[in-house]
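Novice: just the structure for this:
(one chain, ligands or ions: 1)
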Amino acid sequence: MNGEKPEEHGLEQIIKEIVSLQNLDEIKEEIERNAKFFPKEAYLVEKILQSNGIERAKYYLERLMDSVTTVKTNGVNDINLNRWMDYDYILTDSLWNFEKRDRSGNHLGWYWGNFVPQIPRQLILRYTKKNDWVLDPFMGSGTTLIECKIQGRNGVGVDLNQDIVTKAKERIDSQKSSEDVKIIVECADSTSSDFAKLIDESDFTGFQLAILHPPYHDIIKFSGNNLDLSNTPHTESFIASLRKVIMNSKRVLRPNGILAIVIGDKYSASKLEPLGFLAMNAATDEGMILKSIVVKNYDATRGKRNQENLWRYRSLVGGFYIFKHEYIFIFQNSKSKRIRNK
Ligand SMILES: C[S@@+](CC[C@H](N)C(=O)[O-])C[C@H]1O[C@@H](n2cnc3c(N)ncnc32)[C@H](O)[C@@H]1O
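Specialist: This next block holds a predicted model:
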C-alpha cells in the first residue's frame with residue numbers, strides 16, 4: 001500500500017490487506033490512511049474507525065468490500081445499491097427543478113410543446129433496465145426515444161401527426177447508441193392502437209415503462225386532425241380520450257410496469273381546469289396504483305416570458321396564480337397477467 005491512487009480493482013486489494021491484519025489499532029490506522037480512496041463509503045470508513053472490537057471492524061470491512069465489488073439491484077433498474085452514493089444525479093425527491101433544458105446528444109428542443117429530456121431520463125434510469133421496452137404514445141419530437149438510445153433501452157413511439165413523425169424519426173435515427181437497441185416509430189392514433197402489435201420480437205414480454213405526455217387539452221393545437229387530443233371539444237372529452245390511451249398503454253405494460261403521465265393544468269373562462277388531477281383519477285379508475293406525484297418547475301416559452309408583466313397584471317386582476325409547475329404522476333400496473341404479442 002504505497003498511498004498512490006489505486007486502480008478500480010486495486011481497492012479490493014487494499015481492503016483484502018487490511019482484513020488480513022490481526023490488530024484493531026493497525027486496522028484503524030490503515031483504513032484512516034486509505035480513507036481518501038473511499039469517499040463514497042465515508043460512512044463505512046467511519047464505522048470501522050469507531051469499532052470497539054476487531055470483529056465489528058471486520059464486519060464493516062466486509063460491507064466495504066461488498067460496496068466495491070458486488071452489484072446489488074432492486075430488480076427493476078440497473079442502480080447498484082451497494083454504490084448508491086454514486087447516483088447523486090438520480091432524483092428521489094418529489095420536487096423537480098431543472099434550471100435549463102439538457103441539449104446533449106440529439107436533444108434540440110425544436111418542437112413546441114416538447115418536454116425536457118431530463119424527464120424521460122429520470123424515469124428510464126429509475127424504472128427500467130438496459131434493453132427493457134419503453135412506450136411513448138404521444139411521441140412528438142421523439143425526446144423519449146432519443147433518450148432510450150442514449151440509455152440503451154428499446155422504444156416504441158406513436159404520434160398522430162405524420163410530419164412530426166417523419167422529422168422525429170430522422171433525429172432519433174441519427175442519435176448514436178452504445179447498445180444494440182430497437183426503436184419503432186409509428187404514425188397512428190393512440191386512442192385505438194394495439195402497441196404490442198408494433199413489436200415483432202418473439203421474446204417481448206411487455207413494456208416496462210410507458211411515458212404519456214399528452215397535449216394539455218387545447219393549450220397548444222398540434223394538428224387539424226379531430227382525433228388529436230388537442231382538438232377535443234371540452235375537458236370531459238379530452239379526459240375520455242386520454243383515458244383510452246391510458247387503457248391501451250396499461251394493456252401492454254408488464255405486470256409491475258410503470259406508467260407516468262406528464263401534464264399541466266389549464267386556466268380558461270376564469271376557471272382552473274385541473275387536468276392533472278383529472279388525468280390522475282382516470283388512471284386510478286383504470287386500476288393503476290399511484291406511486292408518486294412529482295411537481296416539476298414549468299419553464300415558460302420565450303413568448304410568455306416576454307409577456308411576464310402582462311401575465312402578472314392579469315393575475316392581479318383575475319385572482320389566479322400563474323402556472324409555474326406541471327405534474328408527473330407515476331403509477332404502477334396492478335395486473336398479474338403477462339403480455340405476449342405472439
Ligand atoms: C405534448 S406533445 C408531446 C411532446 C413530446 N413529449 C416531445 O418531447 O416532443 C403531444 C403530442 O401528442 C400528439 N397526439 C395528440 N393526439 C394524439 C393521438 N390521438 N394519438 C397519437 N398522438 C397524439 C400530438 O401530435 C403531439 O405531438
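Novice: how close does Gly142 sit to Leu64?
Specialist: 43 Å (Cβ to Cβ, to the nearest Å). To be clear about C-beta, it is placed using only N, CA and C from the backbone, and glycine gets the same treatment.
Novice: without its sequence neighbours, what residue ends up closest to the residue sitting nearest the centre point of the chain?
Specialist: When Cα atoms, centre = their mean is applied to the chain, the residue found nearest the centroid is Leu123 (1.1 Å). Nearest-residue entry for Leu123: Ala260, 5.4 Å, with adjacent residues in sequence omitted and distances by Cβ to Cβ, 6 or more residues apart in numbering.
Novice: doesn't the one you found fall inside a strand?
Specialist: Yes - under DSSP: H, G, I helix; E, B strand; the rest coil, Ala260 sits within a strand.
Novice: wait, doesn't it sit right on Gln332?
Specialist: No - under the criterion of Cβ atoms under 8 Å, Ala260 makes no contact with Gln332, lying 10.4 Å away.
Novice: for the stretch 1-150 of the chain, which residues are neighbours of the ligand?
Specialist: Residues of the stretch 1-150 of the chain that fall close to the ligand, judged by Cβ under 6 Å from any ligand atom: 111, 113-115, 138, 140-141, 143.
Novice: so what's the residue count around Glu308?
Specialist: Glu308 sits with 11 neighbouring residues when counted by other Cβ atoms under 10 Å.
Novice: how close does it sit to Ser315?
Specialist: If you go by Cβ to Cβ, the gap between Glu308 and Ser315 works out to 10 Å.
Novice: nearest spatial neighbour of Asn74, skipping sequence neighbours?
Specialist: Leaving out its chain neighbours, the residue that sits closest to Asn74 by Cβ to Cβ, 6+ apart is Leu81, at 6.7 Å.
Novice: these two touch, right, the one you found and Ser67?
Specialist: No - checked against Cβ under 8 Å, the pair Leu81 and Ser67 is beyond contact range at 9.5 Å.
Novice: quick check: closest non-adjacent residue to Asn297.
Specialist: Among residues not flanking Asn297 along the chain, Asn97 sits closest, at 4.8 Å (Cβ to Cβ, 6+ apart).
Novice: hmm, back to that, Gly142 and Leu64 - which one has more neighbours?
Specialist: A side-by-side neighbour count of Gly142 and Leu64, using other Cβ under 10 Å, places Gly142 first with 30 against 23.
Novice: mind listing what that one touches?
Specialist: The contact partners of Gly142, taken as Cβ atoms under 8 Å, 6 or more residues apart in numbering, are 136, 157, 168-169, 171-172, 185.
Novice: kindly report the same for Ile263.
Specialist: Taking Cβ under 8 Å, 6+ apart, one finds 213-214, 216, 275-276, 279, 326-327, 329 in contact with Ile263.
Novice: so where's the stretch 151-300 of the chain uncertain?
Specialist: Low-confidence segments of the stretch 151-300 of the chain, defined by pLDDT under 70: 299-300.
Novice: close to the ligand: what parts of it are there?
Specialist: Counting by Cβ under 6 Å from any ligand atom, the residues of the stretch 151-300 of the chain close to the ligand are 158-161, 164, 189-191, 213-215, 222-223, 227-230.
Novice: at 8 Å what do you get?
Specialist: The stretch 151-300 of the chain has residues 158-161, 164, 168, 188-191, 193, 211, 213-216, 220, 222-223, 225, 227-230, 241, 245, 262 near the ligand, with proximity defined as Cβ under 8 Å from any ligand atom.
Novice: please parse this structure into its domains.
Specialist: The record's domain parsing of the chain by automatic domain parsing lists 10-70, 95-332.
Novice: angles on the backbone of Glu62, please.
Specialist: For Glu62, the backbone dihedrals (degrees, to the nearest 10) come out as phi -60, psi -40.
Novice: can you name the residue of the protein nearest the ligand?
Specialist: As assessed by Cβ to the nearest ligand atom, the ligand sits closest to Gly140 within the chain, at 2.6 Å.
Novice: just the pLDDT at that residue, thanks.
Specialist: For Gly140, the pLDDT comes out at 97.
Novice: what is the burial count for it?
Specialist: Under the neighbour criterion other Cβ under 10 Å, Gly140 is assigned a count of 22.
Novice: so it sits against His213, correct?
Specialist: Yes - the pair Gly140 and His213 qualifies as a contact (Cβ under 8 Å) at a distance of 7.0 Å.
Novice: just the ones of the contacts of Gly142 in helices?
Specialist: Among the contacts of Gly142, the members found in helices (DSSP state H) are 168-169, 171-172.
Novice: quick check: of these, which lies closest to Glu147?
Specialist: Of all these, Glu147 sits closest to Ile172, with 10.0 Å by Cβ to Cβ.
Novice: ok, the closest one - how many residues close by?
Specialist: 23.
Novice: before we move on, what about Lys324?
Specialist: Neighbours around Lys324, by other Cβ under 10 Å: 11.
Novice: setting the sequence-adjacent residues aside, check what's closest to it.
Specialist: Closest residue to Lys324 apart from its sequence neighbours, by Cβ to Cβ, 6+ apart: Tyr298 at 5.3 Å.
Novice: show me what contacts that neighbour?
Specialist: By Cβ under 8 Å, 6+ apart, the contact set of Tyr298 is 264, 323-326.
Novice: just the terminal-to-terminal distance for stretch 13-25.
Specialist: Across its full length, stretch 13-25 reaches 20 Å between end residues, using Cα to Cα, to the nearest Å.
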